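Enquirer: Structure for the following, please:
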Amino acid sequence: MINENKQFIREYFKAIDGTPKPFEKLSKYIAESDMELMNHIIAFERSFPNYGFVEQDMVAEGDKVAVRFLITGKGEEDFFGTKTKGREISIQCFIIYQVHMRKIIKHWFLSDNMGMMQQLGALPLDEKQDSEMTQMNVIISPR
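Expert: Residues are numbered from 1 along each chain as shown. Here you go, the predicted model:
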């Protein structure tokens with residue numbers, strides 16, 4: 001079951017990586033019990049159409065699959081009042097999915113929101129931080 005859940009999440013990532021994410025596609029993978037995830041993806045897709053994923057680590061136990069990944073994309077529309085048009089993002093994220101019968105039924109999500117807001121120009125990034133962020137991105141970049 002553990003390997004099947006990991007494979008399912010990989011299939012899900014592959015299906016939505018760098019492609020449109022309409023409700024119909026998402027509902028093949030996400031149960032009605034997790035509309036929060038569905039709504040988050042649809043909202044993010046509006047601002048960063050066809051955003052992509054770079055899987056960095058995946059661990060599973062029981063009915064849960066944990067993934068550390070990078071979201072990459074280019075802004076097209078405002079994101080909660082922040083101008084994104086033409087700005088590229090690369091955000092470090094971590095999510096745990098609870099899977100039942102090949103559907104995501106619940107999730108827990110963390111992302112580097114401060115880093116994203118700095119990349120969008122909504123928060124300042126001084127030269128020292130910029131240097132540290134560059135070094136950090138090299139360390140956490142995919143294999």
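
Enquirer: I would like the residues contacting the helix or strand in which residue 107 is found, please.
Expert: With secondary structure defined by DSSP states H and E, residue 107 is part of strand 104-111. Where contact means CB atoms under 8 Å, 6 or more residues apart in numbering, the residues beyond strand 104-111 that reach it are 12, 29-31, 33-34, 36-37, 40, 71, 91-99. Quick note: C-beta positions are derived from backbone N, CA and C, even for glycine.

Enquirer: got a list of what the residue at minimal distance from the centre of the chain touches?
Expert: For the chain, residue 71 is the residue whose C-alpha lies nearest the centre (CA atoms, centre = their mean; 4.8 Å). Taking CB under 8 Å, 6+ apart as the contact definition, residue 71 lies against 48, 51, 52, 53, 89, 90, 91, 93, 111.

Enquirer: That one bridge partners, please.
Expert: Per DSSP bridges, residues listed as beta-bridge partners of residue 71: residue 53, residue 91.

Enquirer: any idea how far residue 105 is from it?
Expert: Going from residue 71 to residue 105 by CB to CB, to the nearest Å gives 22 Å.

Enquirer: and what of residue 36?
Expert: Counting by CB to CB, the separation of residue 36 from residue 105 is 11 Å.

Enquirer: And residue 6, by the same measure?
Expert: From residue 6 across to residue 105, the span is 16 Å (CB to CB).

Enquirer: cool, and residue 122?
Expert: The spacing between residue 122 and residue 105, counted by CB to CB, is 33 Å.

Enquirer: What of residue 45?
Expert: 21 Å.

Enquirer: Between these two, point out the one with more neighbours.
Expert: Neighbour tally, residue 45 and residue 105, criterion other CB atoms under 10 Å: the higher count belongs to residue 45, 20 against 16.
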